[in-house]
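K.L.:
Test case, fold it:
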Amino acid sequence: MAKTTVVKSQSVYDVHPGVAMAQKWIAELRDKTGKSLEDWTALVKKQGPDGHMNRVNWLKTKHKVGHNSAWGIAERVEGGGDEDTPEAYLAAAVRYIDEQYAGPKQKLRPLYEKLLALGRGIGADVKACPCKTMVPLYRKHVFAQIKPTTNSRIDMGFALATHKGKLPKRLIDTGGLAKKDRITHRIEIKSAADVDDEIKKWLQVAYDLDE
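P.N.:
Below you'll find the model as predicted:
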């Protein structure tokens, strides 16, 4: 635990909730299936078929492994799951951001940094947990996200499904409500001038809705 705390304190990001879930799954896998993750990956490499879905189906049909576990095992056979520890995830988080804002999107990096600081400043319990294509902001759940959608635009997304009242035209419906996604609306950010008091207002609203 002490080591995890040290690593986290040196990062501007927070450990994704999925890491704890993955660690729990790995710890319980032997009791549930009779084999550890290492045992399963070795077996699949030695006896299993090629291809992700073929491996998933082989584990499910031949060995009666549940779908989620079969998927996770197959993913790790293929080299996935490198972020199963807090230390590995935080290292990957930095890489995700560098990759998101590489090439033509590099000019968006200052806007991203400004939005990240604004989002984190909404509350002491805000967590920023980068994924490969976006940065979700968590309280209890994802209440906002920062996504470089094009080479010239970042979308600041908000979880406003339970908001009562009229929304301004600047808040674009993402279709998330119909798809049961957390993020239901977005505001387009193309310049520093777009990171204004209205962005802060809706970040606060989304944050408050996630009590």
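K.L.:
Could you check stretch 56-75 and say which residues are buried?
P.N.:
For stretch 56-75, burial by neighbour count (16 or more other C-beta atoms under 10 Å) applies to 56, 58, 59, 63, 65, 69, 70, 71, 72, 73, 74. Yep, even glycine has a C-beta here, placed from its N, CA and C like the rest.
K.L.:
With stretch 119-129 instead?
P.N.:
119, 120, 122, 123, 126, 127, 128, 129.
K.L.:
Narrow the residues you listed to those in helices?
P.N.:
Among the buried residues of stretch 119-129, the members falling in helices (DSSP state H) are 119, 120.
K.L.:
could the buried residues of stretch 119-129 be laid out in a markdown table, adding distance to residue 112 and pLDDT?
P.N.:
Shown next, in a markdown table, are these (distance: C-beta to C-beta, whole Å; pLDDT from 0 to 100):
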| residue | distance to residue 112 | pLDDT |
| --- | --- | --- |
| 119 | 10 | 97 |
| 120 | 12 | 96 |
| 122 | 16 | 96 |
| 123 | 20 | 96 |
| 126 | 16 | 96 |
| 127 | 17 | 96 |
| 128 | 11 | 96 |
| 129 | 15 | 95 |
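K.L.:
if we can go back for a sec, name the nearest of the buried residues of stretch 56-75 relative to residue 41.
P.N.:
Of all the buried residues of stretch 56-75, residue 41 sits closest to residue 73, with 6.3 Å by C-beta to C-beta.
K.L.:
so where does the closest one fall, helix or strand?
P.N.:
If you go by DSSP states H and E, residue 73 is part of helix 67-77.
K.L.:
Spatially, which residue comes closest to the residue most central in space within the chain, not counting chain neighbours?
P.N.:
The residue lying closest to the centre of the chain (C-alpha atoms, centre = their mean) is residue 131, at 3.9 Å. By the measure of C-beta to C-beta, 6 or more residues apart in numbering, the closest residue to residue 131 outside its immediate chain neighbours is residue 96, 6.6 Å from it.
K.L.:
element containing the one you found?
P.N.:
Using DSSP H and E, residue 96 sits in helix 86-100.
K.L.:
any idea of the mean pLDDT in the longest helix along the chain?
P.N.:
For the chain, the helix with the greatest residue count under DSSP H is helix 17-33. Here helix 17-33 scores 88 as its mean pLDDT.
K.L.:
And that helix, what's buried?
P.N.:
Under the neighbour-count criterion of 16+ other C-beta under 10 Å, helix 17-33 has 19, 22, 26, 29, 33 buried.
K.L.:
And stretch 162-180, by the same measure?
P.N.:
If you call a residue buried by 16+ other C-beta under 10 Å, then stretch 162-180 has these buried ones: 163, 171, 174, 176.
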